[in-house]
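> here is a sequence with its predicted model. Questions after.
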Amino acid sequence: MTMNRRDLLKTAAAGSALLASPAFVGRALAADTIKVGALYSQTGGLSVVEKLLANAVELAVDDINAAGGVLGQQVEVVVEDGASDPKTFNEKASKLIVRDKISNIFGCHTSASRKAVLPIIERRNAMLYYQTHYEGFECSRNVLYSGAVPNQQLGNLIPWLVNEHGRKKIFIVGSNYVYPKEMAKVTKKLLEDNGAEWVADEYLELGHSEWAAMVKKIKDSGCDAVVSNVVGDSIIAFYREFKNQGISQEDIPICATVTGEIEIQAMGPEFAAGSYTSVPYFQSIDTDANRAFIEKFRKKVNDPNVVTYHSLEAAYFQVFIWKQAVEAAGSLDIDAVRENLGGQAYDAPGGRVTIDADNLHAALTPRIGQWQEDGQSKIIAASDGNVKPLPYSAYGETADNLFCSPKGLDQTKL
């Protein structure tokens, strides 16, 4: 049979209509998977924590796929090992973006690894979804920050510590790198604003395990509380030495920004009982949604004793934020997805979260928990609803005077 030009055009139009029909689109999309990256350490010193973060991403994808996927497609997670080394993180981010053609990467756990991958993320116009609470002082349209920033941990903790708990002389202690030092800046400002003082601001190297001299310095300082920005394995050594020197949490309580369920489990809960931590999420949040999350995660990793904690919950819910942005855009185009990330809200295990349209950080509910003998926290204070993230609060940023906006960082305000 021969066709003239008019018949050919009619046939082509019919084919185009078929391709555009919802039924056909669903079948076509289902033929392939949408690939996302999970870039976390599977080996090295950080792997114990980061493997769990990768598991949280995989659990979220399992839930999404069970509910029909994204845009009619199933989602596939490509896991890469950052090997607890910033240089390796950079190399694996490049591999995911350039070779695997993956533009959405969930990953990194430390500021060092985030900073290492940021150049390739920005240069290649990809998106990184970063779940760890961090020091702020960053404004990238290529990163969604789902963890807390300083004003969401200290903005409630310091006024409570001074005004409700009656502590006026604070010893600030941390590990010697950027996060603790930026947190100390915010702490000092808030102490001054609330009529209290800091009696010392001291640091020991990352991974430092000998805390006897530092704890004695705390004991002899005349302080009535400690604000701790100690991280990693040093947390365990610090808390154990604190108790070994006979310091009571009733007399000089440790109020931490990093110590969570995973550190409490590792050190033994008796060493932390009575101390405090300020983060938006605790495993002890008593809701059906959180209990279901804990049960699903334990089943996922086949460990009935594994604990959930702030970064883990954020690693989980940020995948749903990505899904919603893709579906709002109706496209996998990275610019379209980015434009739809701001304003996305999700009922996470720890409660409602919203992505701030100004800076792509998460608006979260700050909470203060007191650690109990069973290794879980008793939530003793929580804000009324979400608090706007201010990544430059250490430098004077307020909700009425934003440094970071969709136009980028206003350098003149620093």
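All right, it came through fine. Everything numeric in this text was worked out from a predicted model, so none of it was measured.
> and the helices in the protein?
5-20, 22-30, 47-66, 86-94, 111-123, 154-159, 178-193, 212-220, 233-244, 261-267, 288-301, 310-329, 334-341 (DSSP state H).
> out of those helices, flag the one nearest Glu202.
helix 212-220 (6.4 Å; Cβ to Cβ). Yep, even glycine has a C-beta here, placed from its N, CA and C like the rest.
> what's the closest of the helices of the chain to Glu250?
Per Cβ to Cβ, nearest to Glu250 of those: helix 233-244, 12.4 Å.
> could you give me the average pLDDT of the closest one?
For helix 233-244, mean pLDDT rounds to 96.
> and that helix with helix 212-220, angle?
50 degrees (axes from the mean of the first three to the mean of the last three Cα atoms, to 10 degrees).
> what is helix 233-244 packed up against?
Judged by 3 or more Cβ pairs under 8 Å, 6 or more residues apart in numbering; DSSP states H and E, helix 233-244 is in contact with helix 212-220, strand 254-256, helix 261-267.
> quick check: which of those is buried the most?
Mean neighbour count (mean count of other Cβ atoms under 10 Å) peaks for strand 254-256 among the helices and strands packed on helix 233-244, with a mean of 26.
> which residues sit against it?
157, 161, 225-230, 235, 239, 242, 272, 275-278 (Cβ atoms under 8 Å, 6 or more residues apart in numbering).
> try 10 Å this time
153-154, 157-158, 160-161, 165, 167, 170-171, 173, 187, 218, 225-231, 235, 238-239, 242, 247, 249, 263, 272, 274-279, 368-371 (Cβ atoms under 10 Å, 6 or more residues apart in numbering).
> out of the helices of the chain, nearest to Asp347?
helix 288-301 (6.7 Å).
> before we move on, the earlier item: can I get the helices and strands packed on helix 233-244 in TSV including mean pLDDT?
Below are those laid out as TSV (pLDDT from 0 to 100):
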stretch	mean pLDDT
helix 212-220	98
strand 254-256	98
helix 261-267	96
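> who wins for proximity to Ile105 among those?
Comparing these by Cβ to Cβ, helix 261-267 comes nearest, at 23.1 Å.
> which other helices and strands contact the closest one?
helix 47-66, helix 233-244, strand 276-279, helix 310-329, strand 367-371 (3 or more Cβ pairs under 10 Å, 6 or more residues apart in numbering; DSSP states H and E).
> what's the burial count for the residue lying closest to His361 once chain neighbours are set aside?
Closest residue to His361 apart from its sequence neighbours, by Cβ to Cβ, 6 or more residues apart in numbering: Pro389 at 3.5 Å. Burial of Pro389, expressed as a neighbour count using other Cβ atoms under 10 Å, amounts to 28.
> quick one: average confidence on stretch 78-96?
97.
> now do the buried residues in that stretch.
Of all the residues in stretch 78-96, those buried under the rule 16 or more other Cβ atoms under 10 Å are 79-86, 88-96.
> follow-up on the earlier one: phi first, then psi, for the residue nearest to His361.
As for Pro389, its main-chain torsions (degrees, to the nearest 10) stand at phi -70, psi 130.
> was I right to think it contacts Ala357?
No - at 11.2 Å, Pro389 does not count as touching Ala357 under the criterion of Cβ atoms under 10 Å.
> sweet, I'm off.
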